[in-house]
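> All I have is the shape, not the residue letters:
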């Protein structure tokens, strides 16, 4: 009987999911297969017929110094951005959780960086960082923190920090939103009971709030990790990986290899490697989803 | 008692101080964007810079509303709205199936759909570009809409599925007992109830598509076809950046998404967690 229902529903389900499946096959599965194929070939603009090289591209990449340099940048970039988005996200969610006059407006305002195009964000910050015209130098100078104007984006030591700050600013509102929504789901009686028992704010935060919203925290951390790792616009527009590759992360470097140097084969291998790095994290994510039976 | 009150007011002061700090962090770049958009040329290039213009100057907005920028706006709207509509249309059916029907391979397909979210889009852009170039789809709306489906359909399915799970099963069962088919029950009973979820999902897809830059930069070489995020780069010229015009255009790009977000904020916040967290 149960089997019969499953079979009958399978037929109905086919009609419901067929369009989605077809689309996914065309716009995701096919391109990925083609990318894997390309990654095994050497193809450039002048080389009209791609030449099969096996894992040649991969070996070339793993042996190159630039790969490891970009790997390190990507990790620094991703981890720093994710940690600060988490801290600011949860801090702002706690601040904006309790009702006070103007709260809804403030909630609406703090979302602004997240909804503007990344290019616009990058451009605004290019102006802010501008050595001569930018407000950042002027304010730091007037307050006495620096003694001469700094060229933020063309300084090898500072450029990565500069773009990281922009990425934190651009993306933290998403974390805020997730944590605001999660905090709304906490039973207020729990907090009241803890207050009556004399638990301070900090104890309440550690012992009640964090454990209750930890599923949301985990998923938000993972989503922001993946998005940041794959984030392209800000670095492309602000430094395009420079000065001297000091701010290249995987997406910007791959884009350059493919659409500046037109080495599609090599770029595809880079892209597959990037995916494999993320896959390690996604496996952990899948386990988490299964453990919590979200897929049922 | 007195000391208790003192700590309370201290906590309050600290709280408001932190809120102000947060607002400054968020708003400072925006205020500078708007203020630069209102600066005349001498004010734009003053060094050290001035925060506010000496005289409010609207000419930058005239530049940002030139016919070619109006065209970019139009392109962005057409592409964003078509993508959003298509994604919703396709994913309401499949997300419903994923939330309700027990079928063979359901978990596998669902898992796969989530996995696709983890692919770097650069993996997809290279092969797509090669194919589109071959079949002459470069410089068309369709090329971008197809490309955008690759990262919006999975999210659409995932968020909507959360909403459908929140709608009691008994309602459509009753409808089916009364003689409705599965499809009729879905269209007449479930879909109207899912309207908040559908608008929350649409907002998310609208925001993500409106921002998109990498595909637009790669697939559109004809100036007339450009979308806004690529089009505003016109203000970056060989001899320097026209900051006034650039910031005026940036201000104009921000307004539509902000308005849409403000209107649907509550549903959107509810939708985010419902879609991604609840089983």
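Perfect, thanks for sending it. A quick note: this is a predicted structure, and the numbers were derived from the prediction, not measured.

> From here on, just use CA atoms for contacts and neighbour counts.
Noted.

> For chain A, name the helix or strand with the lowest mean pLDDT.
Taking mean pLDDT, DSSP states H and E as the measure, chain A has helix A:2-24 as its least confident helix or strand, at a mean of 78.

> Give me the next element, helix or strand, following that helix.
Downstream of helix A:2-24, the first helix or strand assigned by DSSP states H and E is helix A:30-39.

> The stretch 151-279 of chain B against chain A: which residues are in contact?
Contact residues of the stretch 151-279 of chain B with respect to chain A, defined by CA under 8 Å from any CA of the partner chain, are listed as B:153, B:207-208, B:210-214, B:229, B:243, B:247, B:250, B:253-254, B:257-258, B:261-262, B:265, B:269-270, B:272-273, B:277-279.

> out of the residues you listed, which are inside helices?
The subset of these located in helices under the criterion DSSP state H comprises B:153, B:207-208, B:210-211, B:214, B:229, B:243, B:247, B:250, B:253-254, B:257-258, B:261-262, B:265, B:269-270, B:272-273.

> would you list every one of the helices in the stretch 101-250 of chain B?
With helices called from DSSP state H, counting those that start in this stretch, the stretch 101-250 of chain B shows them at B:106-116, B:121-134, B:141-165, B:169-177, B:182-185, B:191-193, B:195-211, B:214-219, B:228-231, B:243-276.

> in the fourth one, what's buried?
Judged by neighbour count (16 or more other CA atoms under 10 Å in any protein chain shown), helix B:169-177 contains these buried residues: B:172, B:175-176.

> For these, give me CSV that also has pLDDT.
Conversion of the buried residues of helix B:169-177 to CSV gives the following (pLDDT from 0 to 100):
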residue, pLDDT
B:172, 85
B:175, 88
B:176, 87
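
> Nearest to chain A among the residues you listed?
Set against chain A, the nearest of these by CA to the nearest CA is residue B:176 (13.7 Å).

> wait, the closest one sits on residue B:183?
No - proximity of residue B:176 to residue B:183 does not meet the contact threshold set by CA atoms under 8 Å, at 9.6 Å.

> Tell me how far residue A:152 lies from chain B.
Distance check for residue A:152 against chain B: by CA to the nearest CA, to the nearest Å, it reads 16 Å.

> check contacts around that residue.
When contacts are counted by CA atoms under 8 Å, 6 or more residues apart in numbering or on different chains, residue A:152 is found next to A:129-131, A:158-159, A:162.

> same deal with residue B:26?
Residues in contact with residue B:26 (CA under 8 Å, 6+ apart) are A:109-110, A:112-113, A:169.

> Just those: which are in strands?
Residues of the contacts of residue B:26 located in strands (DSSP state E): none.

> which of these tops the neighbour count?
For the contacts of residue B:26, neighbours were counted using other CA atoms under 10 Å in any protein chain shown, and residue A:113 has the most, 26 neighbours in all.

> what does the stretch 51-200 of chain A put close to chain B?
A:92, A:95, A:106, A:108-110, A:112-113, A:115-120, A:124-125, A:127-128, A:132-135, A:138, A:169, A:177-178, A:181-182.

> which among these end up buried?
Members of those that pass the buried threshold by neighbour count (16+ other CA under 10 Å) are listed as A:92, A:95, A:108-110, A:112-113, A:115-120, A:124-125, A:127-128, A:132-135, A:138, A:169, A:177-178, A:181-182.

> where are the low-confidence patches of the stretch 1-150 of chain B?
Counting by pLDDT under 70, the stretch 1-150 of chain B has low-confidence residues at B:1-8.

> what about 80?
Filtered on pLDDT under 80, the stretch 1-150 of chain B yields the residue ranges B:1-8, B:11, B:47-48, B:114-119, B:123.

> before we move on, what about chain A?
Within chain A, the segments meeting pLDDT under 80 span A:1-12, A:43-50, A:98-99, A:185, A:187-188, A:199, A:281-282, A:284-296.

> from the chain's centre, how far out does the longest helix seen in it sit?
Ordering each helix of chain A by length in residues (DSSP H) puts helix A:65-95 first. When distances are taken as CA atoms, centre = their mean, to the nearest Å, helix A:65-95 is centred 8 Å away from the chain's centroid.

> thinking residue B:53 is in contact with residue B:33, fair?
No - using CA under 8 Å, residue B:53 is not in contact with residue B:33, being 11.6 Å away.

> Compare the two (neighbour count), which wins?
Applying other CA under 10 Å to residue B:53 and residue B:33 shows that residue B:33 carries more neighbours, namely 26 against 17.

> Next, the buried residues of the helix or strand in which the more buried one is found.
Here residue B:33 is covered by helix B:2-37, with elements defined by DSSP H and E. Neighbour-count burial for helix B:2-37 flags B:19, B:22, B:26-27, B:29-30, B:32-37 (criterion: 16+ other CA under 10 Å).

> which residues sit in contact with the residue in the stretch 51-200 of chain A positioned nearest to chain B?
Relative to chain B, the nearest point of the stretch 51-200 of chain A is residue A:117 (4.0 Å; CA to the nearest CA). By CA under 8 Å, 6+ apart, the residues touching residue A:117 are B:210-213, B:229, B:254.

> repeat that for 10 Å
With contact set as CA atoms under 10 Å, 6 or more residues apart in numbering or on different chains, residue A:117 has these partners: A:170, A:233-234, B:207-213, B:228-229, B:250, B:253-254, B:257.

> Next: residue B:137.
Listed by CA under 10 Å, 6+ apart, the contact partners of residue B:137 are B:129, B:131, B:143-144, B:219-220.

> Which among those count as buried?
Among the contacts of residue B:137, those buried by neighbour count (16+ other CA under 10 Å) are B:129, B:143-144, B:219-220.

> Neighbour count added to the contacts of residue A:152, as TSV?
Compiled in TSV, the contacts of residue A:152 are given as follows (neighbours: other CA atoms under 10 Å in any protein chain shown):
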residue	neighbour count
A:129	21
A:130	19
A:131	21
A:158	16
A:159	21
A:162	20
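
> and the gap between residue A:249 and residue B:245?
From residue A:249 over to residue B:245 the distance is 30 Å, taken as CA to CA, to the nearest Å.

> Repeat that for residue B:13.
Residue B:13 sits 40 Å away from residue B:245, going by CA to CA.

> Residue B:206 too?
Plainly put, residue B:206 is 25 Å away from residue B:245 if you go by CA to CA.
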